[in-house]
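Q: pasted the sequence and its predicted model underneath.
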Amino acid sequence: MPGIDYGNLMHDAMRGLIRKVMEGVAADGLPGEHHFFITVDTGHPEMQMADWLRERYPEEITLVIQNWFDNLSVDEDGFAITLNFGNAPEPLYIPFDAISTFVDPSVEFGLRFELHQEDGDDEDEDEDEAPMLEDAPGEEKGGEVVSLDRFRK
């Protein structure tokens, strides 16, 4: 019997948390001072964005959801949103598994995920690596999940 894959279970739970937060924002808007910095792997096969944005950000982009956004809708796998890039509204689709960091600086909360490449070598790594709660956002695209102590006052 294979072992318990805590790493992937934790990642699924944290992506579920992001989904619930985004569903709340889609229904009721951003409450109070809440806002998000979301770093996304722009090379993810299900990531949808304008060609000029992908050319400008070929590896990753950090999106700010704060003062102006439109058309936010959430599904099981990700969310669609229109954001303003230099006075040009652009529709995006962000799969939850393309997110490498999710930060709400208003409450010093953040998550950082390790993004796995689909190359068949993941299984050995996944068994040995459990998500760590860590300071987000970080330079390393690989991190895991978050140390909430670093975000508490």
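A: It's in.

Q: what score does the spatially most central residue of the chain have for pLDDT?
A: Against the mean C-alpha coordinate of the chain, by Cα atoms, centre = their mean, the closest residue is Ile99 at 2.8 Å. Note for Ile99: predicted pLDDT of 95.

Q: burial count for Ser73?
A: Look at Ser73: counted by other Cβ atoms under 10 Å, it has 12 neighbours. No exception for glycine: its C-beta is placed from N, CA and C like everyone else's.

Q: again with Gly86
A: 5.

Q: same thing with Gly29?
A: Around Gly29 there are 10 residues (other Cβ under 10 Å).

Q: tell me the SS of Ile81?
A: At Ile81 the chain is in strand, as set by DSSP: H, G, I helix; E, B strand; the rest coil.

Q: please apply the same query to Glu23.
A: Judged by three-state DSSP, the three-state class of Glu23 is helix.

Q: roughly how far apart are the nearest residue in space to it that is not next to it in sequence and Pro45?
A: Nearest residue to Glu23 in three dimensions, chain neighbours excluded: Val74, at 4.8 Å (Cβ to Cβ, 6 or more residues apart in numbering). Distance, Val74 to Pro45, by Cβ to Cβ, to the nearest Å: 20 Å.

Q: so for those two, which sits in the more crowded spot?
A: Neighbour comparison, Val74 and Pro45: the larger count goes to Val74, with 20 against 8 (by other Cβ under 10 Å).

Q: so His34 is in which element?
A: For His34, there is no enclosing helix or strand under DSSP states H and E.

Q: which residues sit in contact with it?
A: Counting by Cβ atoms under 8 Å, 6 or more residues apart in numbering, His34 touches Asp104, Ser106, Val107.

Q: now swap in His44 and tell me
A: Here His44 is in contact with Pro95, Asp97, Ala98 (criterion: Cβ under 8 Å, 6+ apart).

Q: pick the one among the residues you listed closest to Arg56.
A: Among the contacts of His44, Ala98 lies closest to Arg56 (Cβ to Cβ), at 16.9 Å.

Q: my guess is Phe36 contacts Val64. True?
A: Yes. Phe36 is within contact range of Val64, at 7.3 Å (criterion: Cβ atoms under 8 Å).
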